[in-house]
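[1] sequence plus predicted model, see below.
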Number of protein chains: 2
Amino acid sequence: MSNTTKKLAVLGSTGSIGQQALDIVRSFPDKFKIIGLAGGKNTKLLAEQISQFQPQLVSSTLDFSLPDKTKFSSMEEIATHPEVDLVVIATSGKTGLAPTLAAIRSGKKVALANKEVLVMAGEIIVAEAKRHQAQIFPIDSEHSAIWQCLRGEKAEVTRLILTASGGPFYHYSPAQLAKVTVEEALRHPTWKMGKKVTIDSATLMNKGLEAIEAHWLFSIPFNKIEIVIHPQSIIHSLVEFADGSLKAQLSVPDMRFPIQYALSYPKRLANSRLPRIDLGRLNSLTFETINYSMFPCLELALDAGKKGGAYPAVLCAADEIAVELFLKQHISFPGISEIIAKTISLHQGTATPTLDEILAADAWARETALEVINKASLCWKQ
Amino acid sequence: MSNTTKKLAVLGSTGSIGQQALDIVRSFPDKFKIIGLAGGKNTKLLAEQISQFQPQLVSSTLDFSLPDKTKFSSMEEIATHPEVDLVVIATSGKTGLAPTLAAIRSGKKVALANKEVLVMAGEIIVAEAKRHQAQIFPIDSEHSAIWQCLRGEKAEVTRLILTASGGPFYHYSPAQLAKVTVEEALRHPTWKMGKKVTIDSATLMNKGLEAIEAHWLFSIPFNKIEIVIHPQSIIHSLVEFADGSLKAQLSVPDMRFPIQYALSYPKRLANSRLPRIDLGRLNSLTFETINYSMFPCLELALDAGKKGGAYPAVLCAADEIAVELFLKQHISFPGISEIIAKTISLHQGTATPTLDEILAADAWARETALEVINKASLCWKQ
């Protein structure tokens, strides 16, 4: 282990992003060392990871036997451990909120994959990061692209252009959308991801959440954020500068690119295991103006982002409930946006909510979304 | 005029790039001031430019009356004038060589549009720039794109990908190429440029010269330089880094983008007169692997670049003669590459030629190219 070895905590190590982050760590044993891991319900996988990386600290909601030098700890303790340089937040939902804040308040570097953290509490997170001089490195491919394009640039940004594959249903009619099955919705054309984010990609909610994240990460107003459909997912996003010149970042759609960049930043590490682009064989990169009316979730997200306060938290919570119920086949695909819209319409806004108020809004939205569904299903039964 | 006003010399001000550079200066009267101008045979235009910009020094091969405060001077004197911050080399052919070297030896910043300077004498220019801590800013759209993509990056570059529109004849058969007229060759699909560079674009000689320039500008070996056909000329070039991630620079094909970037660097100036990209309306960016056998000029250029020495100077000189004779309808379109190939085959290489040896090779190649043509036309007459 050399002086330049970066010491990591990976929270959410058994999820899709967590596993890929550990895959990168595995490729560069002299560059990274795992200090702490936090896993979900897949304790078999977590035990394997512990055995391979021998972390000092482990967080798990379940109990199981640990090696001698490893002990149980909370995610906050892992995120603030003095030896940790960089905390990878690969959790999902609001789980990442507390450890992210803890890491930031300890002045750690944070590699953030957990969308809800910035969507729910962007204002608080960004203010705390500034106060504690903590840096936030995005792990999402779109935000990583923007971050890479902004590298070395000081000029005013006139547009951030987020690319969206459009998901599997981009050219569906409303009648076709009504009949979408869970299986179809889980078949993303370009990216291999977890179930929740795959459904969010199909509704384009995901792109709306990304716009909110971009707003906070790059302090850019919503009217300078554009979304364009780019089905091949090769150009991961673009930045337009004051002079009208654009920069784009490209790669094969593989999450290991943005994960490795966030882990190794400011360095770029040669990794022969990552696939290379052959532009001549790619042949064509296409773009389409987005048809907002087909994707009410996207509009709901952008609207919640602009309203601010706890609106994005309500949006996230209602979306989580709605997607869960869609995956359980309790509601239809268009039902997802209907539930979210109804829940948001019942929310009483607060201007600059505290973290507790945000969490309260989250709890309220979950209950409300369920009520909305129950009422609707009563109506359907009548 | 403020403290931050950049003082410019524009050599070749009446040419296509020179005029557009002055167009940028016109847009930002408080950012730039013209100290010196050097024009070609279009004295009417030069007189207008002098009247508008009131430079202290003017260089012209022709004599005409000047305003009181303006005096005639040599290009070298203008390029080394103590007040000048940045010298724009918008001359063509070998004309730019001496003033570029003079500017570099005075430690000036040089914005370089004159391809032949680096192609003919890249080794000398780069060494002198290093010794005198002079910076060279490329004005070509491809090199500007690479320069912009490299901004803020320190990682190893694994590939430079130069894009080429392919010119008007990309899908022509050899039989069709043999019948190409001057008028057809001057009709470039995406860029509005001078005659010489338009023909060089049609033969793809231009792309070969750009590869040689890129080799010197970015100290990159030829085996890491790729060329890909991109007919829309929107992505101006790409850089691949060690981690496999690519960055690209995009804009509407308009030379004012790279010119303004070189003039304003490190700043990017808001210029509402430059057109913006609408990706949704663009619809599609296409790429094709290059068919080298169709473009012998490109192969000749890459080969001369790899051989080094005075080979690139011989290539440039023979190309200048051949293109001139094609424009005068003395030779056919495929004749251009035939003359260059024959001339190069007669050249005796020198390992690290001095500037005088390069200029001697240039003179020799011009004579030889003409002899090659005369011999060929004698054969044709028989």
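    Okay, I see it.
[2] and the pLDDT for A:Gly40?
    In this model, A:Gly40 is scored at 87, pLDDT.
[3] how about the secondary structure of the residue nearest to it when sequence neighbours are not counted?
    What sits nearest to A:Gly40 in space, not counting adjacent residues and going by C-beta to C-beta, 6 or more residues apart in numbering or on different chains, is A:Thr14, at 5.0 Å. (C-beta placed from N, C-alpha, C; glycine too.) Under the three-state scheme (DSSP: H, G, I helix; E, B strand; the rest coil), the conformation of A:Thr14 reads as coil.
[4] also A:Leu285?
    At A:Leu285 the chain is in strand, as set by three-state DSSP.
[5] who does it bridge with?
    Beta bridges link A:Leu285 to B:Leu285, judged by DSSP bridges.
[6] let me see the contact set for it.
    Contacts were defined as C-beta atoms under 8 Å, 6 or more residues apart in numbering or on different chains; by that measure A:Leu285 touches A:His230, A:Gln232, A:Ile234, A:Ile235, B:Ser284, B:Leu285, B:Thr286, B:Phe287.
[7] identify, from these, the entry nearest to B:Thr43.
    Using C-beta to C-beta, B:Leu285 is the member of the contacts of A:Leu285 that sits closest to B:Thr43, with 42.6 Å.
[8] circling back to that earlier point, just put the contacts of A:Leu285 in JSON lines and tack on distance to A:Gly194.
    Putting the contacts of A:Leu285 into JSON lines (distance: C-beta to C-beta, whole Å) gives the following:
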{"residue": "A:His230", "distance to A:Gly194": "22"}
{"residue": "A:Gln232", "distance to A:Gly194": "22"}
{"residue": "A:Ile234", "distance to A:Gly194": "22"}
{"residue": "A:Ile235", "distance to A:Gly194": "23"}
{"residue": "B:Ser284", "distance to A:Gly194": "31"}
{"residue": "B:Leu285", "distance to A:Gly194": "31"}
{"residue": "B:Thr286", "distance to A:Gly194": "33"}
{"residue": "B:Phe287", "distance to A:Gly194": "32"}
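[9] returning to what we had before: would you mind giving me the confidence score for the residue nearest to A:Gly40?
    You'll see A:Thr14 listed with a pLDDT of 96.
[10] and the one 10 residues further on, by the same measure?
    According to the per-residue confidence, A:Ile24 scores 98 in pLDDT.
[11] which one is it nearest to, not counting chain neighbours?
    A:Ile24 sits nearest to A:Gln260 (C-beta to C-beta, 6+ apart), 4.8 Å away.
[12] check which helix or strand covers the one you found.
    Taking DSSP states H and E as the definition, A:Gln260 sits inside helix A:256-264.
[13] buried ones in whichever helix or strand comes after that helix?
    The C-terminal neighbour of helix A:256-264 among helices and strands, as given by DSSP H and E, is helix A:279-282. Burial within helix A:279-282, assessed by neighbour count using 16 or more other C-beta atoms under 10 Å in any protein chain shown, is assigned to A:Leu279, A:Gly280, A:Leu282.
[14] hmm, the second one is touching B:His230, no?
    Which is A:Gly280. No - judged on C-beta atoms under 8 Å, A:Gly280 makes no contact with B:His230 at a distance of 9.8 Å.
[15] give the residues shared as contacts by these two.
    Contact with both A:Gly280 and B:His230 is made by residues B:Phe287, B:Glu288, according to C-beta under 8 Å, 6+ apart.
[16] how close does the residue lying closest to A:Phe222 once chain neighbours are set aside sit to chain B?
    For A:Phe222, the nearest residue in space outside its immediate sequence neighbours is A:Lys306; the separation is 5.2 Å by C-beta to C-beta, 6+ apart. In this structure, A:Lys306 and chain B are 21 Å apart, going by C-beta to the nearest C-beta, to the nearest Å.
[17] give me the neighbour count for A:Lys306.
    With neighbours defined by other C-beta atoms under 10 Å in any protein chain shown, the count for A:Lys306 comes to 15.
[18] remind me which helix or strand it belongs to.
    The secondary structure element spanning A:Lys306 is helix A:296-307 (assigned by DSSP H and E).
[19] now for the closest residue to A:Arg187 other than its chain neighbours: which residues touch it?
    Of all residues beyond its chain neighbours, the one nearest A:Arg187 is A:Pro168 (5.6 Å), with distances taken as C-beta to C-beta, 6+ apart. Listed by C-beta under 8 Å, 6+ apart, the contact partners of A:Pro168 are A:Glu184, A:Ala185, A:Arg187, A:His188, A:Pro189, A:Ala202.
[20] keep only the buried residues of helix A:279-282 that also lie close to chain B.
    Among the buried residues of helix A:279-282, the residues within reach of chain B (C-beta under 8 Å from any C-beta of the partner chain) are A:Leu279, A:Gly280, A:Leu282.
[21] chain B contacts on the stretch 1-150 of chain A?
    A:Gln148, A:Cys149.
[22] list the contacts of A:Leu250.
    For A:Leu250, the contact set (C-beta under 8 Å, 6+ apart) comprises A:Ile234, A:Ile235, A:His236, A:Ile277, B:Leu238, B:Ser245, B:Leu246, B:Lys247, B:Ala248.
[23] to clarify, my last question referred to A:Asp23.
    With C-beta under 8 Å, 6+ apart as the criterion, the residues that contact A:Asp23 are A:Arg256.
[24] where does it fall, secondary structure wise?
    A:Asp23 belongs to helix A:16-27 when assigned by DSSP H and E.
[25] so which bits of that helix are buried?
    Of the residues in helix A:16-27, those buried under the neighbour-count criterion (16+ other C-beta under 10 Å) are A:Ser16, A:Ile17, A:Gly18, A:Gln19, A:Gln20, A:Ala21, A:Leu22, A:Ile24, A:Val25, A:Ser27.
[26] which ones are touching the third one?
    This means A:Gly18. Taking C-beta under 8 Å, 6+ apart, we find A:Gly18 in contact with A:Val10, A:Leu11, A:Gly12, A:Gly39, A:Val88, A:Ala90.
[27] quick one: secondary structure of the closest residue to chain B within chain A?
    Per C-beta to the nearest C-beta, the residue of chain A with the smallest distance to chain B is A:Gly152, at 1.6 Å. In terms of secondary structure, A:Gly152 is coil; the call rests on three-state DSSP.
[28] and it, how far from B:Pro266?
    Taking C-beta to C-beta, to the nearest Å as the criterion, A:Gly152 is separated from B:Pro266 by 9 Å.
[29] could you check how far the closest residue to A:His230 other than its chain neighbours is from A:Ile235?
    Taking C-beta to C-beta, 6+ apart as the measure, A:His230 lies nearest to A:Thr163, with 3.9 Å between them; neighbours along the chain are not counted. From A:Thr163 over to A:Ile235 the distance is 6 Å, taken as C-beta to C-beta.
[30] who has more neighbours, those two?
    Using other C-beta under 10 Å, the more surrounded residue of A:Thr163 and A:Ile235 is A:Thr163, with 27 against 23.
[31] that one should be in a strand, yeah?
    Yes - counting by three-state DSSP, A:Thr163 is part of a strand.
[32] show me what it is bridged to.
    Under DSSP bridges, the beta-bridge partners of A:Thr163 are A:Val228.
[33] just checking, it touches A:Glu142?
    Yes - if you go by C-beta under 8 Å, A:Thr163 and A:Glu142 touch, sitting 6.8 Å apart.
[34] who touches both of the two?
    A:His236, A:Ser237.
[35] any low-confidence regions in the stretch 201-350 of chain A?
    Residues of the stretch 201-350 of chain A meeting the criterion pLDDT under 70: none.
[36] specify the beta-bridge partners of A:Lys33.
    In this structure, A:Lys33 bridges to A:Lys7 when assessed by DSSP bridges.
[37] would you list every one of the helices in the stretch 51-200 of chain A?
    Applying DSSP state H, counting those that start in this stretch to the stretch 51-200 of chain A gives helices spanning A:75-80, A:97-105, A:115-131, A:141-150, A:174-178, A:182-185, A:195-203.
[38] orientation of the second one relative to helix A:115-131 in degrees?
    Using axes from the mean of the first three to the mean of the last three C-alpha atoms, to 10 degrees, the interaxial angle of helix A:97-105 with respect to helix A:115-131 works out to 20 degrees.
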